[in-house]
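S.K.: fold the following and give me the result.
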Amino acid sequence: MNKDILKRLNSEDWNSNKSSNRPRVWVNGTFDVIHRGHVELMNFAAQYGDVRVGIDLDSRVKELKGEDRPVNNWEDRTYVISNLKAVHSVVGFDSDETLIECIKDWKPSVMIIGSDYKNKRVIGSEYAGKLVFFDRIEGYSSTNIINHASSSIR
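M.R.: As a prediction, the model looks like this:
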């Protein structure tokens, strides 16, 4: 995606973007089919401060998860996530480099990532004060929900 378009997307006011004295928290992901696990993640992150969520743009989701994804487009995923009361603001990214730039711009005190990333490289974590792992909620996964729904249709 063109950097100018991405800057415009990231400067749009997806939430109030009001500044506060609370620490800054970073969370990112695809958030393709929003479920309870995502809401729990955001609520967990909000305990640490103001939460900015980075959401993969559609082109990146296709690249990472296949041509049938995302199920919900970036605008819809962003709309839902930005309307969770735990979320301060939302930005989009289309590459590892853009993700790193978004994290550097936010300057988070804390980065929250799913526990499935323990012992793996977490892109951009070096720009956060500390990395905190969120224990995923058993049985909640966008991929599992999508696979279950498609097998039920057959």
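
S.K.: going by C-alpha atoms from here, please, whenever you check contacts or count neighbours.
M.R.: Fine.

S.K.: okay, Gly139: pLDDT?
M.R.: For Gly139, the model assigns a pLDDT of 68.

S.K.: for Gly49, which non-adjacent residue is spatially closest?
M.R.: Leaving aside its sequence neighbours, Gly49 sits nearest to Pro23 (Cα to Cα, 6 or more residues apart in numbering; 4.7 Å).

S.K.: Val25: neighbour count?
M.R.: 28 (other Cα atoms under 10 Å).

S.K.: mind showing which ranges of the chain have poor pLDDT?
M.R.: Counting by pLDDT under 70, the ranges of the chain that qualify are 1-19, 139-154.

S.K.: tell me, what residue is most central in it?
M.R.: Asn28 (2.7 Å; Cα atoms, centre = their mean).

S.K.: on the C-terminal side of the helix or strand containing that residue, identify the next helix or strand.
M.R.: For Asn28, the host element (DSSP states H and E) is strand 24-29. Following strand 24-29 in sequence order, the next helix or strand is helix 36-46 (DSSP H and E).
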